[in-house]
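>>> predicted model and sequence below, questions to follow.
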Amino acid sequence: MNKNNDDSAGGTFLDPFGKSTGIEQFFKHNQLEELQAIVRASINQKLLASITGPPGVGKTTAVRSVTDELPGNKYTVVYLGQDQNGTNLLRRFAAALGLQPKHHRPHLCMQISQWLLDNLSGGGKEIILIVDEAHLVEDATLEELRLMTNADYDRQSPLTLILSGQPALRHRLKAPNFEALRQRLRYGYCLEGLDQDETISYIQRRLTAAGFSSEFFTNDALIVVFQVSEGVLRRINNLCSLVILKAKIRKRTTVDAAFVKEIAELN
């Protein structure tokens, strides 16, 4: 372990897999680039898209990697999520648009829809709505959001709508009652975990970016991390963070497969 990352006197600990890692360390892989292309196409064409995948694969991070680059003078990006109550979600959307939300839900939907139409006809900023954890959203709310994408006799949409959620969302949208919404879904993408080679490259990149040796994990240890995490980024980060911390405590300069297995089993 690099001495710069082990300040025993000060008690500091640099975690290469912590959330404070800068965007320059964002790991590029095939699925990510495909998903980014879909998000960009959805925004350019003002379409409705769905992004699904298990927890921790990086859906939100991937979407933000695109929207964070959009010019603020042209786009307004609204992130909503983790709200099963449709009325609360719609109120948050209205507030993000600068509105004083109506109290009654039908009036609230009309208020938002009218604002979107006025914004479109007035040449205002393009609105991008990302609904995270969309598998939790009520059926009625999903239908209301779909209706908000209608405008000008279906020739153009007043907003881009991206639904992001766990695989349950993809299964829900196959139900007959979502036929109209499904027809509007031009793009859909399922993000999965990294493969073994990508997992190894990801770990080594984050280690070296933080000043650690790329050989801090032996090859066998890296394979164990992949097997335990199944290539899911959040699981990789959590396991590697714990392994590095335990290695620091035990004053190890490298970790092998047995050490990773020990930590994984204890966790």
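Looks like it came in fine.

>>> what's the weakest-modelled helix or strand in this protein?
Ranking every helix and strand in the chain by mean pLDDT, DSSP states H and E puts strand 6-7 at the bottom, with a mean of 48.

>>> how about residues contacting stretch 215-232?
1, 54-57, 192-196, 198-200, 203-204, 207, 235-236, 239-240, 243-244, 247, 253-257, 259-261, 264 (C-beta atoms under 8 Å, 6 or more residues apart in numbering). Where C-beta positions appear, they are placed from N, C-alpha and C, glycine not excepted.

>>> so which of the residues you listed sit within strands?
In strands, judged by DSSP state E, none of those are found.

>>> of those, grab the buried ones for ChimeraX.
Buried residues within the contacts of stretch 215-232, by 16 or more other C-beta atoms under 10 Å, are selected in ChimeraX with:
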select :1,54,56,57,193,194,198,199,200,203,204,207,235,236,239,240,243,244,247,255,257,259,260,261,264
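
>>> out of the contacts of stretch 215-232, which sit inside helices?
196, 198-200, 203-204, 207, 235-236, 239-240, 243-244, 247, 257, 259-261, 264 (DSSP state H).

>>> residue boundaries of the strands in the stretch 51-200 of the chain?
75-81, 126-132, 159-165, 185-190 (DSSP state E, counting those that start in this stretch).

>>> any chance of those strands in TSV, with mean neighbour count and distance to T218 too?
Shown next, in TSV, are those (neighbours: other C-beta atoms under 10 Å; distance: least, C-beta to C-beta, whole Å):
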stretch	mean neighbour count	distance to T218
strand 75-81	17	39
strand 126-132	22	37
strand 159-165	24	36
strand 185-190	16	33
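
>>> make CSV from these and add mean pLDDT and distance to E138 to it.
Converted to CSV, the strands of the stretch 51-200 of the chain look like this (pLDDT from 0 to 100; distance: least, C-beta to C-beta, whole Å):
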stretch, mean pLDDT, distance to E138
strand 75-81, 94, 13
strand 126-132, 96, 12
strand 159-165, 96, 13
strand 185-190, 92, 18
